[in-house]
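A.B. asks: Turn this into a model:
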Amino acid sequence: MAAYAVVIGLYPTTPTSGADFLANYLTGLSITAYQVDFDYPNPVASVEPATNLIGTANYPANIYQLIDLGTPSAAAAAVIDIPAAMADQFIEPAGDQYTNPANPLINVVLSVERNGTMIADNSINYDVDVWVDIGTSIDTLEGVTVGLYLGLGPSGTELGNIPYLELPPGGGSPSYTQLSTVINEIIQADPGAAGPYDPANLTAPQCLHLAREIVSNRTAKPLPAPSTDLGTLFTGAPGDGNDQSRQQFTSALQSYYAALESQATTLAQYIAAWSAAQNCAAATASASSAGLVFPVRLASTPAAGQAAQATVILHN
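C.D. replies: Residues are numbered from 1 along each chain as shown. Below is the predicted model:
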């Protein structure tokens, strides 16, 4: 059976030299790929089951710096081989007209680290083209099927120890474990362990505050920068040579803060649900029994002798 692989084209988010790309982008880089499927459509790599693991590429084992005219370039290719059991879908597509040996595709979500520290990546990659791995190192992408591309920031742009959580694209819910970790970290640090936050009784403003703290990570989401010196950009008159650059900068700022607020508003709802779960856990920890009340008649008014709701008693 052919050996299939996912190939990821890597490039710096800001142009640099080949030597700098090697030293500050590729060294210590590790990329793990997971398959996103019907049973696990939540595109968050950390919550994908082990059976969905495609594999990992590490520099320099299977992440290769590309060569341009005999000189190392500021680009690389990560080659992640697909396990044989997972690649069976390319041989026996089981009626899937979109997946066959002539056109193998796979859905991928990535977990990216450098020197053991996470790098933010919120990409969801469906119908990624698969390459037939010939089992040798790569120094050019000519003749190679690239499944996706990933831009990298230099060393120092990793998330580090700053609490951060990416909302899954497409409306998925965040991992309960991830949410617990970042909320507890922020509760301890802001305003401190003796502060007013009660995890089991968070108010709506507190939920929104926590959400804003979580999404506003300047490492993962850097502030837009002006194209030139700020004083030069805004010293002048309307209609001068910097007018378009000024509009682009102010528009980028507005979009930046609007996106953060939208994400925080969505995340605050999950934090409220998380807080309610802590409250329920605390309320039931020492209870000998609990009652669950639920409606049994939703579409009509109960007649005489009919019940509108029922109660189930659970005993410890």
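A.B. asks: Point out where the stretch 1-150 of the chain drops to low pLDDT.
C.D. replies: Counting by pLDDT under 70, the ranges of the stretch 1-150 of the chain that qualify are 1-2, 38-48, 88-103, 120-124.
A.B. asks: how about the helices in it?
C.D. replies: 18-21, 84-91 (DSSP state H, counting those that start in this stretch).
A.B. asks: by contact count, what packs against the shortest one?
C.D. replies: It stands for helix 18-21. Where contact means 3 or more Cβ pairs under 8 Å, 6 or more residues apart in numbering; DSSP states H and E, helix 18-21 is packed against strand 63-68, strand 71-81. C-beta: built from backbone N, CA, C; applies to glycine.
A.B. asks: what does that helix contact?
C.D. replies: Helix 18-21 is contacted from outside by Pro12, Gln65, Asp68, Thr71, Pro72, Ser73, Ala74, Ala75, Ala76, Pro154, using Cβ atoms under 8 Å, 6 or more residues apart in numbering.
A.B. asks: Give me the neighbour count for the spatially closest residue to the fifth one that is not a sequence neighbour.
C.D. replies: What it means is Pro72. Of all residues not flanking Pro72 in the chain, Gly18 sits nearest, at 3.8 Å (Cβ to Cβ, 6 or more residues apart in numbering). When neighbours are counted by other Cβ atoms under 10 Å, Gly18 registers 17.
A.B. asks: any idea how far Gly18 lies from Val128?
C.D. replies: 27 Å (Cβ to Cβ, to the nearest Å).
A.B. asks: What ranges does the stretch 51-200 of the chain have for its strands?
C.D. replies: Secondary structure of the stretch 51-200 of the chain (DSSP state E, counting those that start in this stretch): strands located at 53-58, 63-68, 71-81, 105-114, 117-119, 125-129, 131-132, 148-152.
A.B. asks: Domains in the protein, by residue range?
C.D. replies: The record's domain parsing of the chain by automatic domain parsing lists 4-152, 176-284.
A.B. asks: and the shortest one, how far apart are its ends?
C.D. replies: Looking at domain 176-284, the gap from its leading to its trailing residue is 19 Å under the measure Cα to Cα, to the nearest Å.
A.B. asks: quick one: average confidence on that domain?
C.D. replies: Across domain 176-284, pLDDT averages out at 81.
A.B. asks: just to revisit the earlier point, of the contacts of helix 18-21, keep whichever come out buried.
C.D. replies: Pro12, Gln65, Pro72, Ser73, Ala74, Ala75, Ala76, Pro154 (16 or more other Cβ atoms under 10 Å).
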